[in-house]
Structure formats: structure tokens, C-alpha cells
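Asker: Test case, fold it:
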Amino acid sequence: MKYKLHKRGNLLIISSLLFLLLYLSSCVTQNKVKYVQTKVNDTLNTFILKQRPLNKIQPFDNLYIKIISPDIVTSAMFNSESMNVQTVNYNMISYSVNEEGKIIFPFVGEISVKDLTITQAKDSIQLALNRYISNSDVVVKFVGKDITIIGEVMRQGQYVIYSDNVNIFRALAMSGGLTDFGNRKNVTIIREFNGEAKFYYIDLTDKKIMLSNFYYLKPDDIIIVQPLKQKTFGFASVPYTLLLTSITTILAFMTFLRTM
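Answerer: I've put the predicted structure just below:
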């Protein structure tokens, strides 16, 4: 009887220890949840950033165009939104760039904007309008530009970017940041160019990422945060109750076996 109790006690102790080892192996160390890190003998803290890439207008883009003129009748003739509307849905009043890279503007006709920056498109539209009206100004903005963030982030989804460019850290902040199981050393960026989709890999723990061509994102980029290996059998949160119960049980059986 005593032998059986000892045997059962040993099995419980071994099982509990295995559980603890499994849990400890699934824990994510602090270094794995930090972003830019200082390596050994790394004293470089200042980086000259690359020039932000200029987004160029492509077929199927949507542009918000507004004509500003002191003449109210002229403004109303060229602008779709009402002056009395406080909240404007820019997607509903945008101009779509067709397959040939042109927009069709009221009274003016076709205006080619393909491969132009927003500033260049503004000048091109302004030049076309000068033949019809004077003392006017043109406002041009991208509409509906977004990036997609999926994987080990707090909130997966598509995020509209309002500035011409956004860096990788600002983008991830929009998604709530990475989870503890997000692999900061293995983030994938899918970028389309000239009909091709290419995969690129960046390390968010390396300070030199600020010199990377992918520090600044482009519209339609897809960011995938890969999971750490611990994700396979890790816990979403620390099971303190289960750990304390296991430790208490082990100690109780050890005390019981000593009294036998």
C-alpha cells in the first residue's frame, strides 16, 4: 500500500513538473516583445532617413478634387458636395482614374493624371481649368488609400491612410500593436508593382530598419505579422490559479509521503 502511494505521488510530481516545464517553455521572453533594440557594442543612435517615396496616381485610383473660386456659382458648377453639408463622404464625390490613366472632369473633359504626383496632378488640372475660369485654385487628394494589417496584431483589418506616406510603426500602432506572440523579427510586407506582387521581410528589433526601403509603407501594402513558435502551445495569459494549485498539490503530497 505504501509503495503504491509513493508511486502515485511520484507520478503526480513528475506530471506537475512536466506541466511547469511546458509552461515555462511557452513563455515569451522580454527581448522577444521589444521593438528596436540596442545590440552589443551598438552606439549608433542617429540615422539619416531615406527620402519618403512619392505616391503616383495609377489607373483605378480615386481622387478628391475641389475647385475654389470667389464666384459661388462657378464653385457650385465644378464641385459635387454641398456647401451646407458638414460631414462629407469623399468616396461618393471622388473621381475615378480610368484604365488609360485619365479622369473625366465636368466641362473640361479628359485630363491625363497617370504617373503624376498629387502636386503635379493639381497643376495639370489647374492648367486645364484656366481655359474656362480665372481666379481659381484646385485641391487634389487621394481617396480610399489603405493598407492591410493581419496576423499577430491586436486588431486586424484595413486601415485608411490620410497622409501621403506612413511608416511601419505608425501603421502597426493603428492596429493596436503586436501581441506578445507576434514575431518582431519576421514581419512580411507584400507590395505590388507593375502587376507583380513581391514578398519582403523586415526585422522590427533592428534599429537599421529606419534605413530600409520598407520603413515607409505604400498604399495597398499588406503587412503580415508572423507568430512566434510559442504560439503553438502557449497561453493567452498566465494561468496563476492553475500554477498555484499544482504547486500546492505537489507540496501536500510530498508532506503526506514523508509522514507515511
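
Asker: Export whichever helix or strand Asn186 is part of to PDB, keeping only CA atoms.
Answerer: Per DSSP states H and E: Asn186 is located in strand 182-193. Coordinates of each C-alpha in strand 182-193 appear next as PDB, following Å, rounded to 0.1, in the frame of the first residue of the first chain:
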ATOM      1  CA  GLY A 182       4.000  38.500 -32.600                       C
ATOM      2  CA  ASN A 183       7.400  37.700 -34.100                       C
ATOM      3  CA  ARG A 184       9.000  41.100 -34.300                       C
ATOM      4  CA  LYS A 185      11.900  39.700 -36.200                       C
ATOM      5  CA  ASN A 186       9.800  38.200 -39.000                       C
ATOM      6  CA  VAL A 187       7.300  40.700 -40.400                       C
ATOM      7  CA  THR A 188       6.200  40.200 -44.000                       C
ATOM      8  CA  ILE A 189       5.300  43.000 -46.400                       C
ATOM      9  CA  ILE A 190       3.600  42.200 -49.700                       C
ATOM     10  CA  ARG A 191       3.900  45.000 -52.200                       C
ATOM     11  CA  GLU A 192       2.500  45.200 -55.700                       C
ATOM     12  CA  PHE A 193       4.400  46.900 -58.500                       C
END
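
Asker: partners of whichever helix or strand comes after that strand in the sheet?
Answerer: Going down the chain from strand 182-193, the next helix or strand is strand 196-202, by DSSP H and E. Strand 196-202 has these partner strands in its sheet, going by DSSP bridges: strand 182-193 (antiparallel).

Asker: For the strand it pairs with, list every residue counted as buried.
Answerer: Using 16 or more other C-beta atoms under 10 Å as the test for burial, strand 182-193 gives Gly182, Asn183, Arg184, Asn186, Val187, Thr188, Ile189, Arg191. For every residue, glycine as well, the C-beta is placed using N, CA and C.

Asker: now the strands: where do they sit in the stretch 151-260 of the chain?
Answerer: 157-160, 166-167, 182-193, 196-202, 216-217, 222-227 (DSSP state E, counting those that start in this stretch).

Asker: Would you convert these into TSV that also reports distance to Asp146?
Answerer: Listed next are these as TSV, based on distance: least, C-beta to C-beta, whole Å:
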stretch	distance to Asp146
strand 157-160	5
strand 166-167	10
strand 182-193	13
strand 196-202	16
strand 216-217	11
strand 222-227	10
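
Asker: possible to save these as CSV with distance to Ala173 and mean pLDDT?
Answerer: Output for the strands of the stretch 151-260 of the chain, formatted as CSV (distance: least, C-beta to C-beta, whole Å; pLDDT from 0 to 100):
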stretch, distance to Ala173, mean pLDDT
strand 157-160, 10, 92
strand 166-167, 10, 88
strand 182-193, 13, 90
strand 196-202, 16, 91
strand 216-217, 12, 90
strand 222-227, 12, 93
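
Asker: what's the following helix or strand after the one helix or strand Glu110 maps to?
Answerer: Per DSSP H and E: Glu110 is located in strand 109-112. Downstream of strand 109-112, the first helix or strand assigned by DSSP H and E is helix 118-129.
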